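Asks: here are the coordinates; sequence isn't available:
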């Protein structure tokens, strides 16, 4: 019972540990952001300040004296070009990042005329609209640093935002609008209420999904196993495993993973494309919004978008079919070859040459072994060229078959040794001795031995699928086979998260389908499972 509780707590911890404060890097592009606001800042020039710049003590500031005061005392917003249209304000940050300001939206005001009286207050104001990406949470902080500047500040945020607190003096707050006096700095904390409630809904949804899986797993546990019940139980178990694996993948790539400039495509395209990626995957929004959108993209097939960015001549459908073909051929060849070779030997005491060869191949790293095998074909240029760069469908088919055979030779050691061990034990069983004593043909005896040997071999083969897929990645890289293994490798090398995620999703789905298939096969092979 304690172990089950620990496992459930571990699963919940994986699913419910959000990085709510995951920060995104500065990304700039010539497009409108999803989030915008309006800022108005008014700076008061007091009579005491203006007297300091009235050098001739005339009681008035002329244009040159006024410009000198502006240069020394006005708010320095540090507009810096970032393209042809947008500018960044370096001392204005929202969640630690600089918003994007449209230069055409900036308006300046003042109540000054020349000559300007010194004995009355004057003001200089600036207002502008801004757009920005938030930090992936529902609480945000706007901060403006204006050293030696005091005045009046007001801001209007989008609807459904709520002002939480500020450092303004005599602040007047009306839901998404705040106004007050400031000195040296402006700090406003606000909340997006839509995402605040979505946080509660998302956690409730995850707990509900996990609870449903636990209930179904409990419902279909133990007891007499019928075909439908076994299939349902296998599907539930594998879907739960797939759900956990893909959730971990989501957190690694999009929440806990590399900075946004890498997650948003790195060097795959310009800033407009990177902004598009942020919007498409909701990378600026809280983790639960990203998470629900990510699953939506998986179910609708939208997760495949971006796979071809930064890559040449990638056909995702062909890649899936090639990798799946190699995996199925390898599985079939490994399974039947290990069974055939295991039961055909007459004496368990004779030297097992197959085991020696398979263990030798198994002990060599797959990457190095594949490279050696490929170089061995250099003596036949025509065959070598067709393996490295096939020019037609026939050559591509030959390469897939050869790759499957090579992968079988590199991975057959374990299933063969298990099958051989079980076959040796079966040959020593009393029923075999009885069959031999009554003169039953060896061919017929092998049929009984084969049935008993198939069960553990099939069970272990299901556990060995992960090794098959791992070795297949190396094989596809060496032979430059444009499958999902090569896609995973290239995505890792180039830092393309879209290629990485689609490759891992493919491998997870293959493992899930293979596991369900092996459960069904074992059900029909082993009568003990049906009792």
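Replies: Cool, got the structure. This is a predicted model, so every value here is computed, not measured.
Asks: pretty sure residue 330 sits against residue 404.
Replies: Yes. Residue 330 lies in contact with residue 404 (CB atoms under 8 Å); the separation is 5.0 Å. In this view, the C-beta of every residue, glycine as well, is placed from N, C-alpha and C.
Asks: these two - which one has more neighbours?
Replies: More neighbours surround residue 330 than the other of residue 330 and residue 404, with 26 against 22 (other CB atoms under 10 Å).
Asks: that one belongs to a strand?
Replies: No. If the criterion is DSSP: H, G, I helix; E, B strand; the rest coil, then residue 330 is helix and not within a strand.
Asks: where does the stretch 1-150 of the chain have low pLDDT?
Replies: 1-36, 75-89, 97, 102-104, 131-136 (pLDDT under 70).
Asks: show me the helices in it, by range?
Replies: 2-16, 47-53, 63-73 (DSSP state H, counting those that start in this stretch).
Asks: burial count for residue 91?
Replies: The burial count for residue 91: 15, using other CB under 10 Å.
Asks: number of nearby residues for residue 56?
Replies: 9.
Asks: next: the one 5 residues further on.
Replies: When neighbours are defined as other CB under 10 Å, residue 61 has 25 of them.
Asks: ok, what's across the strand from it?
Replies: Beta bridges link residue 61 to residue 116, judged by DSSP bridges.
Asks: what sits against it?
Replies: By CB atoms under 8 Å, 6 or more residues apart in numbering, the contact list for residue 61 reads 50, 53, 54, 69, 114, 115, 116, 118.
Asks: which among those residues count as buried?
Replies: 50, 53, 54, 69, 116, 118 (16 or more other CB atoms under 10 Å).
Asks: just the closest of the residues you listed to residue 164, please.
Replies: The closest of those to residue 164 turns out to be residue 69 (CB to CB; 35.9 Å).
Asks: for residue 407, see how far away the residue nearest to residue 476 when sequence neighbours are not counted is.
Replies: Residue nearest to residue 476 in three dimensions, not counting chain neighbours: residue 485, with 3.7 Å by CB to CB, 6 or more residues apart in numbering. For residue 485, the distance to residue 407 (CB to CB, to the nearest Å) stands at 10 Å.
Asks: equivalent analysis for residue 248, please.
Replies: 27 Å.
Asks: likewise for residue 319?
Replies: 17 Å.
Asks: repeat that for residue 502.
Replies: The value you get for residue 502 to residue 407, if CB to CB is used, is 22 Å.
Asks: ok, residue 129 next?
Replies: In terms of CB to CB, residue 129 sits 59 Å off from residue 407.
Asks: okay, these two: which has more neighbours?
Replies: residue 407 (25 against 17).
Asks: residues in contact with that one?
Replies: Neighbouring residues of residue 407 by CB under 8 Å, 6+ apart: 326, 330, 468, 471, 472, 475.
Asks: how about the most centrally placed residue in the chain: what's its closest non-neighbour residue?
Replies: For the chain, residue 253 is the residue whose C-alpha lies nearest the centre (CA atoms, centre = their mean; 3.1 Å). Closest residue in space to residue 253, ignoring its immediate chain neighbours: residue 497 at 4.9 Å, by CB to CB, 6+ apart.
Asks: okay, the closest residue to residue 106 other than its chain neighbours and residue 403: tell me how far apart.
Replies: Spatially, and ignoring its direct neighbours in sequence, residue 106 is nearest to residue 128 (4.4 Å; CB to CB, 6+ apart). For residue 128, the distance to residue 403 equals 60 Å [CB to CB].
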